[in-house]
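Student: What follows is a predicted structure for the sequence shown.
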Amino acid sequence: MATHILGIRHHGPGSAKNVRAFLEELKPDIVLIEGPPEADGILAWTDDEELKPPVAILCYQPDDPQRSVFYPFAEFSSEWQAIRYARENKIHVRFFDLPILNYFGIEKEKREAPKEDDLADPVHLNNATAEAEEEVRIKADPISYLAEAAGYEDGEKWWEQMFEHRQNCEQVFDAVREAMESLRETLPLPLDRREQLREAYMRKMIRQAEKEMFQNIAVICGAWHVPALVSMPKQKDDNELLKGLPKVKVDCTWIPWTYSRLSYRSGYGAGINSPGWYEHVWKHPADDGTRWMAKVAQLFRQKGMDTSVAHVIEAVRLAEGLAALRGLSKAGLEELNEATLSVLCNGENVLLKLINDELIVSNKLGEVPSSTPKPPLQVDIEKLQKKLRLAASAGYKDYTFDLRKNTDLERSILLHRLQLLGIQWGRQMQVQGKGTFKEQWRLQWDPAFSVDIIEKGGWGNTVEEAASKFIVQKAQEATLLLQVSKMLLDTLPAELHAAVEVLIVQVNNLAAASGDVVQLMEAVPALVNVSRYGNVRKTDAELVTNILVGMITRICVSLPNAVTAIDEDAAQKLLELMFQLNDAVNVLTQPTITEEWQQALKIISGNQNTSPVVAGYAVRLLFDYKMLEGAELVTTFNFRMSRTNPPDTSAAWLEGFLKGSGTILLIDNELWNVVNGWVSGLDPDVFTQVLPLLRRTFSNFSQPERRKLGEKVKSGKTASATVVKETNFNYERAKLGIPVVLQMLGLGR
């Protein structure tokens, strides 16, 4: 009976090649692999040709799917090659890490334990120190630590030279074992409870295999654990450590994975820098760089950039020269990148980033068989993806939908429903051009959506059912009118009619019960969009419009009192809400509502206790509605800008009056003279005091408006604004021209 411990790096073509070669020579009768024992039952799916790496085992709690963990595999992963060898040769294969049901059970106990318990945990104490961070780093990636000891700044570079490019693989696992033993002896790092439990369970599984009389046992585990499995403590000690561990229910399945998720930048603890490059090394171990450069050239040509065969040849030669200068056996990724940057990219780092994203990391997405166990909601999503020809891909893909076409409308409905469920497969983009019948989306599939799909599967077996029930529940729990209004706006494009009816009733109830004018005003823009969207989506928006009419009426009654005796922050907030409300009134184009709004503006503008900035904006809106013009407007303006008023009050009023546009100052010279005279007459100290307000006012104007106002100030020309004095005006002579003007207009008798 013999047990062989193979210490590996989880994802690397060198380790995978060594493991496969070792197993083929050893011919074991059982293979134990670091991984969750709960997943033993789904290993049979690896025989299916439709299961194509990168893939991952997803382990989750059915009653709390967000408590989940992924075990990813690439074709060049040592564990994947060990699984494939065992399945192909019909020998036993098992995962032998600490069961996830125990791990989740421990985590649940920690969450439910009193906070004081955490203070007594030595792991928590250690985590506060710099030494603990170093311990975690070494245990997470001991290979990089060995690389540093060997004088390499980059652990990937050291690994490539020591393992990926090594042709003679004899005794490599003995070397790894000795290195890890030396590392653990030299740096006696304390193990936290989880690591102790993991290694104790691994030893338990090895003993179990020995009891079952397997004669040739191959153990595939992370290099760090090798010493703990070679020198075993007493069985009694391990059993005592594992006694009474808490458990929870756990399910497992296969899901597609991506190379970007396999990389360090995704946050994956056992990640690698260059999964796309490692796949290339796995498939073409003898490549001197020519094949790789050919792939780079192909990528550049796809992007419309000129790249010749001569470029490729010169880049390969340069990479080989760099490797020779550095004493390396062959050019690695670093040398190839430097050669690419110099020859193919002309020193442009932007192009090198393209190579990194497309080739070095890559956005490859794996596949799993359609017969793999899946929750009903995921089955429905995949069915709709296939029906609507929306392929799930790891890279970005942009779509423009014409909602007048049935297929595009169904695509839009699916994406909106998934968004309601929190599955952000699609992100809606700004549509170029006019019209409400177009939508632009950017789609990118993330393997982590599998967890969200499992979680939301409790609401229904189809996307429509799950989204509808989920939104209804959220609507019934919501207490804020703005929140429900936005939910209604988001739900209408998803065409969930039952949910829309519930939301409309909830909006009506909350609006009727709300006495807060601010809350009512915040909800209006979303509801106006609902009213407009309803016609596009063939949804009856009349009920929403009726609710809006009642809400705006209540706002018009309450707003005049709400804008008095308030501070600057409250005034600015109400100013923005009035801006939005005015747009909403103009969109609705209902005479009754418009009249009520105009009457409210008259009351607001005429009340001396109204906040100055709000009063100024009310006057401006009355001017826009042509209800305050000519001499009456000038009189109001002069009164508000009079020197008898505090300068900061006048400046605030002016800010409100000019909100949104300063064009009125360009076309009405009489108002321009009033403003210009008021500013010119300010004392230097007072001008300094009100300057921030004036700057804020004019900074909101468009650049052409600011330029023209500046030119007007610089020129000082106000001839067109000259007022003809009454004493010089000949009324009798002017009357003689009236019949002529009437005749020219076709109004003469």
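Tutor: The structure has been received and is ready for your questions. Residues are numbered from 1 along each chain as shown.
Student: Where is the longest strand in this structure?
Tutor: strand 64-73 (DSSP state E).
Student: so how far is that one from its chain's centroid?
Tutor: When C-alpha coordinates are averaged (C-alpha atoms, centre = their mean, to the nearest Å), strand 64-73 and its chain have centres 20 Å apart.
Student: Buried residues, that strand. List them.
Tutor: The neighbour-count criterion (16 or more other C-beta atoms under 10 Å) identifies Pro65, Arg67, Ser68, Val69, Phe70, Tyr71, Pro72, Phe73 as the buried residues of strand 64-73. C-betas here are computed from N, CA, C, even on glycine.
Student: Adjacent strands (with direction) for that strand?
Tutor: Within its sheet, and counting by DSSP bridges, strand 64-73 is paired with strand 55-61 (antiparallel).
Student: So for the partner strand, mean pLDDT?
Tutor: Confidence over strand 55-61, taken as the mean pLDDT, stands at 91.
Student: Check what contacts it and list those residues.
Tutor: Strand 55-61 is touched from outside by 35-36, 38-39, 42, 67-73, 100, 104, 248-257, 261, 366-368, 447, 450-451, 454, with contacts defined as C-beta atoms under 8 Å, 6 or more residues apart in numbering.
Student: Just the ones of the residues you listed in helices?
Tutor: Residues from the contacts of strand 55-61 lying in helices, with DSSP state H as the criterion: Ile100, Phe104, Arg261, Ser450, Val451, Ile454.
Student: For those, could you give me a markdown table that also reports pLDDT, neighbour count and distance to Glu595?
Tutor: Converted to a markdown table, these look like this (pLDDT from 0 to 100; neighbours: other C-beta atoms under 10 Å; distance: C-beta to C-beta, whole Å):
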| residue | pLDDT | neighbour count | distance to Glu595 |
| --- | --- | --- | --- |
| Ile100 | 93 | 27 | 66 |
| Phe104 | 91 | 22 | 63 |
| Arg261 | 84 | 23 | 59 |
| Ser450 | 88 | 24 | 55 |
| Val451 | 86 | 19 | 54 |
| Ile454 | 88 | 23 | 54 |
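Student: Now the strand or helix carrying Gln208: buried residues?
Tutor: Secondary structure assignment for Gln208, by DSSP states H and E: helix 193-211. Neighbour counts using 16+ other C-beta under 10 Å place 195-206, 209 of helix 193-211 among the buried residues.
Student: before we move on, what about stretch 511-531?
Tutor: Along stretch 511-531, these residues count as buried under the neighbour rule (16+ other C-beta under 10 Å): 511, 514, 517-518, 520-531.
Student: Repeat that for stretch 460-476.
Tutor: Taking 16+ other C-beta under 10 Å as the neighbour-count basis, stretch 460-476 is seen to contain the buried residues 460, 462-472, 474-475.
Student: what do you get for stretch 8-24?
Tutor: Residues 8-20, 22-23 are the ones in stretch 8-24 that count as buried (16+ other C-beta under 10 Å).
Student: Mind checking which of these land in helices?
Tutor: For the buried residues of stretch 8-24, secondary structure assignment (DSSP H) places Pro13, Gly14, Ser15, Ala16, Lys17, Asn18, Val19, Arg20, Phe22, Leu23 in helices.
Student: how much space between the second one and Tyr278?
Tutor: In this case it means Gly14. 9 Å (C-beta to C-beta, to the nearest Å).
Student: that older thread, present the buried residues of strand 64-73 as JSON lines; the columns should include distance to Thr688 and pLDDT.
Tutor: Compiled in JSON lines, the buried residues of strand 64-73 are given as follows (distance: C-beta to C-beta, whole Å; pLDDT from 0 to 100):
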{"residue": "Pro65", "distance to Thr688": "61", "pLDDT": "85"}
{"residue": "Arg67", "distance to Thr688": "60", "pLDDT": "86"}
{"residue": "Ser68", "distance to Thr688": "61", "pLDDT": "88"}
{"residue": "Val69", "distance to Thr688": "62", "pLDDT": "89"}
{"residue": "Phe70", "distance to Thr688": "61", "pLDDT": "89"}
{"residue": "Tyr71", "distance to Thr688": "66", "pLDDT": "91"}
{"residue": "Pro72", "distance to Thr688": "63", "pLDDT": "92"}
{"residue": "Phe73", "distance to Thr688": "69", "pLDDT": "93"}
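Student: that older thread, just the closest of the buried residues of helix 193-211 to Thr635, please.
Tutor: Closest to Thr635 out of the buried residues of helix 193-211 is Glu195 (82.4 Å), distances taken as C-beta to C-beta.
Student: pLDDT score assigned to the closest one?
Tutor: Model confidence at Glu195, expressed as pLDDT, equals 87.
Student: again with Glu116
Tutor: Spelled out, the predicted local distance difference test score at Glu116 is 49.
Student: show me what contacts Asn508?
Tutor: When contacts are counted by C-beta under 8 Å, 6+ apart, Asn508 touches Ile547.
Student: Which strand or helix spans it?
Tutor: When elements are defined using DSSP H and E, Asn508 is found to belong to helix 497-513.
Student: Off-centre distance for that helix?
Tutor: Average the C-alpha atoms of helix 497-513, do the same for its chain, and the two points are 30 Å apart (C-alpha atoms, centre = their mean).
Student: of the buried residues of strand 64-73, closest to Ser342?
Tutor: Within the buried residues of strand 64-73, the smallest distance to Ser342 is 34.5 Å, found for Pro72 (C-beta to C-beta).
Student: Which residues does the residue nearest to that closest one when sequence neighbours are not counted form beta bridges with?
Tutor: Taking C-beta to C-beta, 6 or more residues apart in numbering as the measure, Pro72 lies nearest to Ala56, with 4.0 Å between them; neighbours along the chain are not counted. Legend: beta-bridge partners of Ala56 under DSSP bridges are Pro72, Ile255.
Student: which residues of this protein fall in strands?
Tutor: In chain order, the chain shows strands spanning 2-8, 30-33, 55-61, 64-73, 92-95, 216-222, 251-256, 397-402, 426-429, 438-443, with DSSP E as the criterion.
Student: Compute the number of surrounding residues for the nearest residue to Glu181 once chain neighbours are set aside.
Tutor: Closest residue in space to Glu181, ignoring its immediate chain neighbours: Pro227 at 4.6 Å, by C-beta to C-beta, 6+ apart. Other residues near Pro227 come to 20 when the count uses other C-beta atoms under 10 Å.
Student: Mind jotting down where the helices sit in the stretch 151-300 of the chain?
Tutor: 155-159, 172-186, 193-211, 226-230, 235-242, 259-262, 275-283, 290-302 (DSSP state H, counting those that start in this stretch).
Student: Those: which one's closest to Gln598?
Tutor: Taking C-beta to C-beta as the criterion, helix 259-262 is the member of the helices of the stretch 151-300 of the chain that comes nearest to Gln598, at 56.3 Å.
Student: In PDB, list the C-alpha atoms belonging to that closest one.
Tutor: Output in PDB follows, covering the C-alpha atoms of helix 259-262 (Å, rounded to 0.1, in the frame of the first residue of the first chain):
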ATOM      1  CA  TYR A 259     -11.000  33.200 -17.800                       C
ATOM      2  CA  SER A 260     -11.400  36.700 -16.500                       C
ATOM      3  CA  ARG A 261     -13.000  35.200 -13.300                       C
ATOM      4  CA  LEU A 262     -10.000  32.900 -13.100                       C
END
